[in-house]
Structures are given as structure tokens and as C-alpha cells.
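Participant: Have a look at this prediction, sequence included:
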Amino acid sequence: MSDTLATNLLGLTRARIEAHVAGLGAKPFHGRNILKWIHKHGVVDFDGMTDVPKRLRDQLAEQAVVELPRIALTQPAGDGTIKWVLELADGQHIETVYIPDDGRSTICVSSQVGCALDCSFCSTAQQGFNRNLTVAEIIGQVWLATRELGHAPTNVVMMGMGEPLANFDNVVPAMELMQEDLAYMISKSRVTISTSGIVPALRRLREVSDVSLAVSLHAPDNELRDVLVPINRKYPLEELIPACRDFIRHDKRRKITWEYVMLDGVNDSIGHAKALIRLLQGVPSKVNLIPFNPFPGTDYQTSPAE
């Protein structure tokens, strides 16, 4: 069977890979072994999966693949950060970033090629939206980073290119694989999904996952947020804040991380700070102030450090 019609095992969760091998007449535990070979041991050649029966390995070689993105460019920085530009099977490109910090290793993962939400301060928004990533293309970023670093990351943040909740059906299984004991074993509290505020999808996520939540806020009122984060016109703060509060209501230890990019003269006054305090009153919160990173063509400037 050609690779275009083959099943990419890289993107299958434990339940799906068990079902897949059962459909080939094998025992479900062989599916679990294959999952472990791919993600924990980094083996993508079926012949190398030595505890899988040869008959099953031959079947998989005929009708399945383990297809990964390709590292097209590696850009290390002086602070230890590494950015990988990955090429997908159709020639599209995405970015994955490794961020070291006090013993933690965080991977920032993309969920889409481009983004449709058109946030005015975001460079990704300027390229428009191309398509959603598949489960395999999302988890493939973690697979590659694990191999490049020599160990699995301690943290994953869905904060790369794209709006994760706009690709809900592929992001959720990918996050399940990140937490899978036979794969990367990353704690649910160390897998973070970042959203600009698609409220219905956020409420849906609450029913199926309890990963950590970060929200791209960037403004303390609707008037300014309508400009900076246009999805706010559809789901204003009066809807977003209660949905976020509901997301963590079952666990008093949890907090929402609010991402707030600092734009000089736009959202960084003392008045904005006081309005932000009022907005988040009663919501367990961590506010992450992010220096704006200028890009060609933007009119925004980074706030002074003070």
C-alpha cells in the first residue's frame, strides 16, 4: 500500500493503536508495545520492534507508517533556547521551540500552519491560515525534540503557531499522548494549552481534559481587546472570564495563566494595570507579562523595562 493511504501510527493514542492491531488479528497488548517503541524508545522501523510478532511487523510494513516532520532548520540562541523549523509532508513549515529554565525543559508546540485569528500584534497572524496540523504532526514535534535533546521534555505548552482550540479534535489526542505512561509521561499540570478565547471549545475541553490553561488576554477591557484580539468581538470578556473560572473550579490549587504582551503606550499604563486587577478579582491567577517581539511591518513597540 502506498504511504499516502497508509495509517500513520505516530498519531494514534493507546486506545486507537490497540484497536488498529486488533483489526489485524493481533492482541491489544501488541499495540501497547508498538506505542512504547515509537514514543518512548524512538524506534520507527517495524523490524526494530523486537517483541512484536514478525507476522504483525510484516503486516504493518505493508499498510502502516511512522511518518515524522523533517527538521529543515535548527536555530540555537545564546540563552540555550533552540528553534526548529519543521517541514511537513506537503511542504508546509511550522516552528517548535525548546526553552530551558532552571532544570525544566519546555517545548513550545504548534497546532496549525498559520492562524486565522488575526491578532494585531502577532507575526504568525500576518501569514494567514493554511491548515490544521494532524495528531501525528503535533506529537511529532515532541518526538523530534525528545530525540534532539536526548530526553523527554518536562513541560509542553501549546503556544506555538495557531490557535489550539480551533484544532480541537487533533490537539486533544496529541495532549493525551504527551501524558501517556507508555510515551512521554508528562504530568497533566505540565501540559498547557493556550487559547485566545474560543469559549464553546474551552467549555468542551473542560469535559474531556484537565490540562493547565493559559489565556492570551493582552487587554483588561473589551474596547482594547477587540482591537488586539479580534476573537473578543465574538466571545467578549463577560463570557471568557466565567468560562476560565469554570475550567479550574474543581481544583482549588489550580490557577489560570494570563498572557499579557506589553505594548508601549497601548496596554501598559497604571490604569490598565488597575483595570486588570479588577477584571481578575476572585479568579486564581498568574499574570505573565511578555515583552513584545517586534517584526517587520508592525507599528507596535516594546514597553520600557521599568
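Facilitator: Perfect, thanks for sending it. Numbers count the residues shown, from 1 in each chain.

Participant: and the gap between the most centrally placed residue in the chain and residue 195?
Facilitator: The centre of the chain sits closest to residue 158, judged by C-alpha atoms, centre = their mean, with a distance of 2.2 Å. Separation of residue 158 from residue 195 (C-beta to C-beta, to the nearest Å) stands at 9 Å. Using the backbone N, CA and C atoms, a C-beta is placed for each residue, glycine as well.

Participant: Over to residue 211?
Facilitator: According to C-beta to C-beta, residue 211 and residue 195 sit 11 Å apart.

Participant: now residue 22
Facilitator: Distance, residue 22 to residue 195, by C-beta to C-beta: 35 Å.

Participant: buried stuff in the lowest-mean-pLDDT helix or strand in the chain?
Facilitator: When the helices and strands of the chain are compared on mean pLDDT, DSSP states H and E, strand 129-132 comes out lowest with a mean of 87. Neighbour counts over strand 129-132 (16 or more other C-beta atoms under 10 Å) mark 129, 130, 132 as buried.

Participant: Please apply the same query to stretch 291-305.
Facilitator: 292, 300, 303.

Participant: now the buried residues of strand 129-132 in CSV, with distance to residue 243?
Facilitator: Below are the buried residues of strand 129-132 laid out as CSV (distance: C-beta to C-beta, whole Å):
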residue, distance to residue 243
129, 23
130, 28
132, 22
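
Participant: Out of these, which comes closest to residue 71?
Facilitator: Nearest to residue 71 out of the buried residues of strand 129-132 is residue 130 (C-beta to C-beta; 19.5 Å).

Participant: list the contacts for the closest one?
Facilitator: Residues counted as contacts of residue 130 (C-beta atoms under 8 Å, 6 or more residues apart in numbering) are 92, 112, 113, 114.

Participant: Which helix or strand contains the third one?
Facilitator: Per DSSP states H and E: residue 113 is located in strand 112-114.
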